[in-house]
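Trainee: Sequence and predicted structure are below.
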Amino acid sequence: MGGNKFCLCSIGYEVANPRIVEAIVFSCVPMIIGDHYSLPFSNVLDWRKFWLIITSNKILEIKKVLKAIPERRI
C-alpha cells in the first residue's frame, strides 16, 4: 500500500473491514467498488472526505474517474 494514493478495499459481509483501517494508516484513500454499501457511523462521519466509492457501472472507467479527482482533494 505504501506510496499509493488509492487502495482498493474489498467489501464482504461485515461492515468492519480491516482493509479500510489499513488504507487510512498508510495514508491511502480507501476505495470500494459497489452500489449499495452502508457505511458505519454515517451520522457522525462525512465519509466523502476520506473514502471513494466507485459504482459497478463505472468499473471500466476507474482510471478516468481517479484521474478526474483534483490533487487538492486527495
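Mentor: Received, thanks. Residues are numbered from 1 along each chain as shown.
Trainee: what sits against the closest residue to residue 17 other than its chain neighbours?
Mentor: Nearest non-adjacent residue to residue 17, counting by C-beta to C-beta, 6 or more residues apart in numbering: residue 9, 5.9 Å away. The C-beta positions use only the backbone N, C-alpha and C, and glycine is treated the same way. Residues in contact with residue 9, defined by C-beta atoms under 8 Å, 6 or more residues apart in numbering, are 17, 19, 20, 23, 30, 31, 32.
Trainee: Run a quick neighbour tally on the fourth one.
Mentor: When you say that, I think you mean residue 23. As a burial measure, residue 23 scores 22 neighbours (other C-beta atoms under 10 Å).
Trainee: Now it: which helix or strand?
Mentor: Using DSSP states H and E, residue 23 sits in helix 18-25.
Trainee: Likewise for the last one?
Mentor: Counting by DSSP H and E, the secondary-structure element that holds residue 32 is strand 29-33.
Trainee: Can you list the helices and strands that the helix or strand just after that strand packs against?
Mentor: Counting by DSSP H and E, the next helix or strand C-terminal to strand 29-33 is strand 52-54. Judged by 3 or more C-beta pairs under 8 Å, 6 or more residues apart in numbering; DSSP states H and E, the packing partners of strand 52-54 are strand 29-33.
Trainee: So, low pLDDT: which residues of this protein?
Mentor: Along the chain, the parts satisfying pLDDT under 70 run over 1-2, 12-16.
Trainee: Identify the bridge partners of the most centrally placed residue in it.
Mentor: Centroid-nearest residue in the chain, with C-alpha atoms, centre = their mean: residue 31, separated by 2.1 Å. On the basis of DSSP bridges, residue 31 is bridged to residue 8, residue 52.
Trainee: distance of it from residue 65?
Mentor: Separation of residue 31 from residue 65 (C-beta to C-beta, to the nearest Å): 10 Å.
Trainee: Need the residues touching each of those two.
Mentor: With C-beta under 8 Å, 6+ apart, residue 31 and residue 65 have common neighbours residue 54.
Trainee: Give me the neighbour count for the residue nearest to residue 5 when sequence neighbours are not counted.
Mentor: In space, and not counting its chain neighbours, residue 5 is closest to residue 74: 5.5 Å by C-beta to C-beta, 6+ apart. By the measure other C-beta under 10 Å, the count of residues near residue 74 is 12.
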